[in-house]
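Trainee: Coordinates for the following, if possible.
(chains A, B, C and D)
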Number of protein chains: 2
Amino acid sequence: MVRIKDIAKEANVSEGTVDRVLHNRGGVSKKTELKIRKILERRNYSINPVASALASKNKYEIAVLIPNYNDTDAFWKAPYLGVLKAAEEIKSFGVNLTIYNFNQFDPKSYLKAFQKLIKTQPSSVVFVPMFLSETSRIVSQLETQNIPYQFLNIDVENHNNLTYVGQDSLMAGTIAGKLMHLSATTNKYLIILSRENRTDNNAISKRVKGFQDYFLKNNLEHAMHTLKVDGFNNKLNLAQSVNDVLKKHSDISGIFVPSSRISALANNVDNIAKFTLIGFDNTPQNVACLKQETVSFLISQKPFEQGYESIKIISDYLTKTKKPKQKIYLPIDILIKENVDYNDMSQNLFEEDVTI
Amino acid sequence: MVRIKDIAKEANVSEGTVDRVLHNRGGVSKKTELKIRKILERRNYSINPVASALASKNKYEIAVLIPNYNDTDAFWKAPYLGVLKAAEEIKSFGVNLTIYNFNQFDPKSYLKAFQKLIKTQPSSVVFVPMFLSETSRIVSQLETQNIPYQFLNIDVENHNNLTYVGQDSLMAGTIAGKLMHLSATTNKYLIILSRENRTDNNAISKRVKGFQDYFLKNNLEHAMHTLKVDGFNNKLNLAQSVNDVLKKHSDISGIFVPSSRISALANNVDNIAKFTLIGFDNTPQNVACLKQETVSFLISQKPFEQGYESIKIISDYLTKTKKPKQKIYLPIDILIKENVDYNDMSQNLFEEDVTI
DNA sequence: TATATTTGCGTGTTCGCACACGAAAATTAA
DNA sequence: TTAATTTTCGTGTGCGAACACGCAAATATA
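Mentor: Residues are numbered from 1 along each chain as shown, chains lettered A, B, ... in the order given. Below you'll find the predicted structure:
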């Protein structure tokens, strides 16, 4: 591997001069600069990132703002672990990382966590823009302070975010539609929404739109019923309302839940095995339902990788000024009983390594 | 971050002594060793990999032996790119990598490439064990020379390979079976094998077995026809033989091709749209067929990640003596028209970065 | 007790790069 | 021509860890 020293010798200058050219520090005559650049090019020099990281005095601070998780609603654990893995890797490159949590159903806690976060004056912020109007406030604060920021998992348009890392929710919904059409025995479906999931949660409404789009764009005759429940935690209430609808419309054969809570349904509604259930995300509870065959398909969004990639991207941006693409869409995984165990290998390998 | 210097100061010893303990170099009394170990534990010290890599004089050489690829048979390009990406990352950690190619249909070229490879006395070998008996010879040569080795993409039992990185081919076949059962309009299927794919190619025979298993284990009435063709390159011949079978058995509605060459079929057989076609791997040709809807499903095996992960694993093993799991099964991806474009994000991002 | 040998440990150099300091050369001002 | 600036560049130090060298203390041998 060619070093600065080699370049310097070939150009008959000192290492310091090469360094100045490499970092555009100025103070080099155009003539010698050109000479050095030519040699850099010809010898195909690239900075040794290891030595560079060791020597660099630049320290960066990444702040991450994501919902917390618990046992009944475990979705956010995977991105959290992905973030942790990335944090480990970038630590020795002078990038530190702090995670701030909020309650995904409470906009106040979102703002509060952000206010705490912004006091630390981080170099960059990665966050899940869960609530629309609060996100606008956050964004404007970040922009006046000139702090680059990135969206994770939920996409919101018309902001100057560096990137969005997550899934194409519209297409994910379309895929759910296709699978439903393939599996269900009739063309009558039930979509279950929760008031918990605020209407401004973009991801969920896009999934519903994508689901409907599949039938519309392919000119498929169909009927859809939509049920809004208060939440998925009150199981008796949930089961009751769903049973009512299913009894009234006995020709419904498929149920679509565009959130990560389909297990609450699968475990509490009568005769659930008769229906084709399609939901989102490989939480432990959902995976258990797949294996018992009460749920037919889960669409998954590589949650661990979302966390991991978003951090790696922002770290590369800070330390190597490597500008990422505006949207990083991760795979739309179709999970069934047979492949679900193979799906989160990287997360499993990581969990074995660390004691959380 | 706590450094060796900090540990040394706290233990009232020199940095050299701490270093001796960290690397079990010996020459430290049990008493001071114990004292140092306690402090290491309490302060939660871990070696700074960046500084370590820079200072280390250890150089490693990884040799990779994989099939070459061409335009009509592009499968091996993805693992190749994955290997390249990993090579880039580990370069500055003192790990060099060389790729050796062979013709996947010619055992002689396999052995010949290996003989060239082994002359360089690599620290470790990662290879695709394409042919059984030749692999035995290679393995015994590696073992007498005490060179650790790893299987990539194809698994062969009863060897002392460090790991296998790839897919569970049996389960992948089962999933193909399930999707076929779900999609096809009758329960009569055609399986197409090629003599090119030697019977000792484990992956393909396991896929076929898994496919059949799905119907057997679920007690599903079915009939399977198997057609052996000479190869997929002679298109006229291929189309002719397939058409013959389909004409004779007009109740066949699904065709399963357990190799990566289903596009050759989809593009050359009459009335192909009438059938449910299921094949393997997201080669450009196969992906085109998915999009035209001549192929219904592709099972994919994260080929890019196979290459990438296998190298990262062996590199960690060499530089950090981190022992991996015996089998690293990567996800079994179910690809359809709608999600295929999102599936190989990491490969796409890499290809944008480099000029191949 | 004197000498030889082993054990235990401190010191110094190096890896490739980042960055600060200051000196020589070139330019401008007087 | 000399002094004052400005431009251009060389030198030196440090980042954290790896590892070689060699000295002192402890132990063994005579």
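Trainee: in stretch A:165-185, what's buried?
Mentor: Of all the residues in stretch A:165-185, those buried under the rule 16 or more other Cβ atoms under 10 Å in any protein chain shown are A:165-181, A:183-184. No exception for glycine: its C-beta is placed from N, CA and C like everyone else's.
Trainee: for stretch A:50-62, same thing?
Mentor: For stretch A:50-62, by 16+ other Cβ under 10 Å, it's A:Val50, A:Ala51, A:Ser52, A:Ala53, A:Leu54, A:Tyr60, A:Ile62.
Trainee: Can you give me the end-to-end span of it?
Mentor: 20 Å (Cα to Cα, to the nearest Å).
Trainee: Thought A:Pro148 was touching A:Leu162, still the case?
Mentor: Yes. Applying Cβ atoms under 8 Å as the test, A:Leu162 and A:Pro148 come out as touching, 5.1 Å apart.
Trainee: higher neighbour count, these two?
Mentor: More crowded of A:Leu162 and A:Pro148, by other Cβ atoms under 10 Å in any protein chain shown: A:Leu162, with 21 against 18.
Trainee: where does the more buried one land on pLDDT?
Mentor: Here the pLDDT value assigned to A:Leu162 is 97.
Trainee: gap between it and B:Ile147?
Mentor: From A:Leu162 across to B:Ile147, the span is 45 Å (Cβ to Cβ, to the nearest Å).
Trainee: List the contacts of A:Lys178.
Mentor: A:Tyr214, B:Ile336, B:Glu338 (Cβ atoms under 8 Å, 6 or more residues apart in numbering or on different chains).
Trainee: Buried by neighbour count, from these: which ones?
Mentor: A:Tyr214, B:Ile336, B:Glu338.
Trainee: can I assume the second one is in contact with A:Ile334?
Mentor: Yes. Counting by Cβ under 8 Å, B:Ile336 touches A:Ile334, with 7.4 Å between them.
Trainee: Now do the shared contacts for the two.
Mentor: When contacts are counted by Cβ under 8 Å, 6+ apart, B:Ile336 and A:Ile334 have A:Ile175 as shared neighbours.
Trainee: what's the nearest residue to A:Asn286 if we skip its chain neighbours?
Mentor: A:Ser263 (4.9 Å; Cβ to Cβ, 6 or more residues apart in numbering or on different chains).
Trainee: so that neighbour makes contact with A:Asn282?
Mentor: No. Applying Cβ under 8 Å as the test, A:Ser263 and A:Asn282 come out as separate, 10.8 Å apart.
Trainee: who are the neighbours in contact with the residue of the stretch 251-356 of chain A found nearest DNA strand D?
Mentor: The nearest approach of the stretch 251-356 of chain A to DNA strand D comes at A:Thr319, 14.6 Å away (Cβ to the nearest atom of the strand). Taking Cβ under 8 Å, 6+ apart, we find A:Thr319 in contact with A:Ala53, A:Ser56, A:Asn58, A:Tyr60, A:Ile90, A:Phe93, A:Gly94, A:Val95.
Trainee: Provide a list of residues in contact with whichever residue of the stretch 151-300 of chain A sits closest to chain B.
Mentor: Per Cβ to the nearest Cβ, the residue of the stretch 151-300 of chain A with the smallest distance to chain B is A:Ile175, at 4.8 Å. For A:Ile175, the contact set (Cβ under 8 Å, 6+ apart) comprises A:Gly210, A:Tyr214, A:Ile299, A:Ile332, A:Ile334, B:Ile336, B:Glu338, B:Asn339.
Trainee: try 7 Å this time
Mentor: Shown in contact with A:Ile175 (Cβ atoms under 7 Å, 6 or more residues apart in numbering or on different chains): A:Ile299, A:Ile332, A:Ile334, B:Ile336, B:Glu338, B:Asn339.
Trainee: isn't there a helix covering it?
Mentor: Yes. Assigned with DSSP: H, G, I helix; E, B strand; the rest coil, A:Ile175 falls within a helix.
Trainee: quick one: it and A:Glu134, what's the gap?
Mentor: Relative to A:Glu134, A:Ile175 is positioned 30 Å away (Cβ to Cβ).
Trainee: Over to A:Lys247?
Mentor: In terms of Cβ to Cβ, A:Lys247 sits 40 Å off from A:Glu134.
Trainee: Could you do A:Ala172 as well?
Mentor: For A:Ala172, the distance to A:Glu134 - Cβ to Cβ - is 25 Å.
Trainee: And A:Ser183, by the same measure?
Mentor: For A:Ser183, the distance to A:Glu134 - Cβ to Cβ - is 38 Å.
Trainee: One more: A:Asn267?
Mentor: A:Asn267 is 33 Å from A:Glu134, by Cβ to Cβ.
Trainee: And A:Glu352, by the same measure?
Mentor: Counting by Cβ to Cβ, the separation of A:Glu352 from A:Glu134 is 37 Å.
Trainee: Of the two, give the one with the bigger neighbour count.
Mentor: A count of neighbours by other Cβ under 10 Å puts A:Glu134 above the other of A:Glu352 and A:Glu134, at 17 against 9.
Trainee: Out of the contacts of A:Ile175, name the ones that lie in helices.
Mentor: Judged by DSSP state H, helices contain none of the contacts of A:Ile175.
Trainee: Take those and keep only those in strands.
Mentor: Per DSSP state E, strands hold the following members of the contacts of A:Ile175: A:Ile299, A:Ile334.
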